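Student: Below is the structure, and that's it, no one-letter string:
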């Protein structure tokens, strides 16, 4: 590898990559990842050797972010001359006698109670020990480094598909880091990249709109259609929810469900929609039943944020963020679940056919022409304001109630991020990954989010909530399971099985089981 600063600065962060650094705060850390639940007790030494043997698959894992002087340009990834694997492979001992579910809450509490050290590469793997016959491994990466699709590609390289893989071949040449660029080199590089970026944007604009009018006309037609759909979504008001009523406190809890993938395939075969439509449907119906249970208004719509992978088939899969978002809307009132699936399947199809996700990604790339210094300044002011608000709400022990005060609901009600995984088992250092819990990041007014993945012929739904805005996440979990059961029954006997609401026998059963948390949420 050439030993020079130019190589070290070969990858400058995009607007999207950099945004995850700029919006990060102590109450909203922007790193996430899955919790692997492993069969048996994995030793720390074996985990360390496993990661050491496979580190060459991810050169970015030896690079740290380096900021440009005066924020003239976004940060770059540069080789870390002080890289040590022991700074990134860690162990934590869980309290003696702790059970599996309590262990997961303790892991999440530890995970969200820190911000990653930006003077080192933004990733780590932590082994949690203390539960008999089980090991928990949290693979955390900063969102500035990867998105979900590239993270799963990395897992396919660093994990095994057999408990006894062949010996790993080491690279012929050992890694030699380039020195960190000096402030002068960073300054010159930032000015050069900023100038090139502005010129490139102008050249592309001239080419698209002057030299190729037919292509420009087609692009304009596509953009008009997509903008119409985006405008309709943005203009429609959304309902107020307890998990959007304040600012994230920094304390999070999780709940998770594991469901057979065969059930999802059966529902897809008999009813409308894709697997993703089915997941969004049961999450939306659960949210509607949760709102009704707590007495929150349900007249209006829920808007759900769904990340979309916008990599083209011919594009190389690299460690970076290449995602856009679609925001389907659905009624906030409880309804017959198969009817909700039909409505949401039509909504997502309309959004996809309009090209809105790709237009949003292109609009984001057009923002690359905005001065990074301005983006950084505005982002930091917003982040500081949100952190101050979170500290104030924590100090007065604020809880969301219908009486208020509460922040108005804007943007989306919750995020639902679905990244498909392998339909066979992974092995980490010879230990089978028996279960997979996706943990999603939360920040700002988003006090509830869901990570979804398919793995080893199961669908995993990982619900993460702010402890203050949704103290009874197990109640939401119950409604998600109930909505799924309803949809499964509707697929088996679609003409005879009505949907349940929070007033139905099953809904009442869930409500009774969670009567105490419901009161804690501030419902009268």
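Tutor: Perfect, I can see it now. This one's a predicted model, so the numbers in the text were calculated from it and none came from an experiment.
Student: When you work out contacts or count neighbours from here on, use the C-alpha atoms and nothing else.
Tutor: OK.
Student: Return the set of buried residues in stretch 293-308.
Tutor: 293-294, 296, 298, 300-308 (16 or more other CA atoms under 10 Å).
Student: So for the helix or strand where residue 377 lies, mean pLDDT?
Tutor: In this assignment (DSSP states H and E), residue 377 forms part of helix 372-395. If you average the pLDDT over helix 372-395, you get 81.
Student: just checking, what packs against it?
Tutor: helix 15-22 (3 or more CA pairs under 8 Å, 6 or more residues apart in numbering; DSSP states H and E).
Student: I'd like the next helix or strand past the helix it packs on.
Tutor: Counting by DSSP H and E, what follows helix 15-22 is strand 31-39.
Student: Please name every helix or strand in contact with that next one.
Tutor: Against strand 31-39 (3+ CA pairs under 8 Å, 6+ apart) you get strand 134-142, strand 431-439.
Student: Nearest to residue 275, out of those strands?
Tutor: strand 431-439 (17.3 Å; CA to CA).
Student: where does the chain dip in pLDDT?
Tutor: 1-10, 148, 172, 196-235, 310-323, 356-370, 404-410, 494-524 (pLDDT under 70).
Student: Looks to me like residue 476 is in a helix.
Tutor: Yes. Residue 476 forms part of a helix when assessed by DSSP: H, G, I helix; E, B strand; the rest coil.
Student: And it, how close does it get to residue 117?
Tutor: Distance, residue 476 to residue 117, using CA to CA, to the nearest Å: 34 Å.
Student: quick one: which of the two has more around it?
Tutor: Higher neighbour count among residue 476 and residue 117: residue 476, with 23 against 10, using other CA atoms under 10 Å.
Student: Let me see the ranges of the strands in the stretch 351-500 of the chain.
Tutor: Using DSSP state E, counting those that start in this stretch, the strands of the stretch 351-500 of the chain run over 414-420, 427-428, 431-439, 448-455, 458-466.
Student: Can you lay out those strands as CSV showing distance to residue 373 and mean neighbour count?
Tutor: Shown next, in CSV, are the strands of the stretch 351-500 of the chain (distance: least, CA to CA, whole Å; neighbours: other CA atoms under 10 Å):
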stretch, distance to residue 373, mean neighbour count
strand 414-420, 29, 22
strand 427-428, 42, 21
strand 431-439, 32, 22
strand 448-455, 30, 24
strand 458-466, 32, 25
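Student: Quick one: closest of those strands to residue 162.
Tutor: strand 427-428 (6.2 Å).
Student: Other residues contacting that closest one?
Tutor: For strand 427-428, contacts defined as CA atoms under 8 Å, 6 or more residues apart in numbering pick out 38, 47, 50, 159-163, 433.
Student: Narrow these to those in strands?
Tutor: 38, 433 (DSSP state E).
Student: ok, now how distant is the closest residue to residue 326 other than its chain neighbours from residue 374?
Tutor: If the residues on either side of it in the chain are set aside, residue 326 comes closest to residue 306, at 5.3 Å by CA to CA, 6 or more residues apart in numbering. Relative to residue 374, residue 306 is positioned 28 Å away (CA to CA).
Student: on that earlier part again, buried members of the contacts of strand 427-428 into ChimeraX, please.
Tutor: A single ChimeraX command selects the buried members of the contacts of strand 427-428 (16+ other CA under 10 Å):
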select :38,47,50,159,160,161,162,433
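Student: which among the contacts of strand 427-428 gets closest to residue 286?
Tutor: Nearest to residue 286 among these, with distances taken as CA to CA, is residue 433, at 28.5 Å.
Student: Give me the distance between the residue nearest to the spatial centre of the chain and residue 272.
Tutor: Nearest to the mean C-alpha position of the chain, counting by CA atoms, centre = their mean, stands residue 440 at 4.7 Å. Residue 440 sits 28 Å away from residue 272, going by CA to CA.
Student: Output the contacts of strand 427-428 in JSON lines; the columns should cover distance to residue 12.
Tutor: Converted to JSON lines, the contacts of strand 427-428 look like this (distance: CA to CA, whole Å):
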{"residue": "38", "distance to residue 12": "36"}
{"residue": "47", "distance to residue 12": "31"}
{"residue": "50", "distance to residue 12": "30"}
{"residue": "159", "distance to residue 12": "28"}
{"residue": "160", "distance to residue 12": "31"}
{"residue": "161", "distance to residue 12": "34"}
{"residue": "162", "distance to residue 12": "37"}
{"residue": "163", "distance to residue 12": "38"}
{"residue": "433", "distance to residue 12": "34"}
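Student: So which of the contacts of strand 427-428 belong to helices?
Tutor: Among the contacts of strand 427-428, the members found in helices (DSSP state H) are 47, 50.
Student: how about the helices in the stretch 251-400 of the chain?
Tutor: 261-270, 275-294, 337-354, 356-366, 372-395 (DSSP state H, counting those that start in this stretch).
Student: So which of those helices is the most surrounded?
Tutor: Of all the helices of the stretch 251-400 of the chain, helix 275-294 has the most neighbours on average by mean count of other CA atoms under 10 Å, namely a mean of 24.
Student: so how far is that helix from its chain's centroid?
Tutor: The chain centroid and the centroid of helix 275-294 are separated by 18 Å under CA atoms, centre = their mean, to the nearest Å.
Student: And for stretch 174-191?
Tutor: 31 Å.
Student: for that stretch, how far is the first residue from the last?
Tutor: 33 Å.
Student: Show me what counts as buried in it.
Tutor: 177-181, 185-187, 189-190.
Student: Redo those as CSV? Include secondary structure and distance to residue 378.
Tutor: Compiled in CSV, the buried residues of stretch 174-191 are given as follows (DSSP: H, G, I helix; E, B strand; the rest coil; distance: CA to CA, whole Å):
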residue, secondary structure, distance to residue 378
177, coil, 34
178, coil, 33
179, coil, 32
180, coil, 28
181, coil, 27
185, helix, 26
186, helix, 22
187, helix, 21
189, helix, 23
190, helix, 19
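Student: what about residue 19, how many neighbours?
Tutor: Residue 19 has 18 neighbouring residues, counting by other CA under 10 Å.
Student: Give the burial count for the closest residue in space to it that isn't next to it in sequence, as a bare number.
Tutor: The spatial neighbour of residue 19 that comes closest, neighbours along the chain excluded (CA to CA, 6+ apart), is residue 144 at 7.5 Å. Close neighbours of residue 144, defined as other CA under 10 Å, add up to 23.
Student: swap in residue 54?
Tutor: 16.
Student: Residue 244 too?
Tutor: Neighbourhood size, residue 244 [other CA under 10 Å]: 27.
Student: And it, how far from residue 132?
Tutor: 38 Å.
Student: can I assume residue 11 is in contact with residue 77?
Tutor: Yes. At 5.7 Å, residue 11 counts as touching residue 77 under the criterion of CA atoms under 8 Å.
Student: And these two? Which one has more around it.
Tutor: residue 77 (23 against 15).
Student: For that one, give the beta-bridge partners.
Tutor: Counting by DSSP bridges, residue 77 forms beta bridges with residue 11, residue 65.
Student: so how far is residue 144 from it?
Tutor: From residue 77 to residue 144 the distance is 10 Å (CA to CA).
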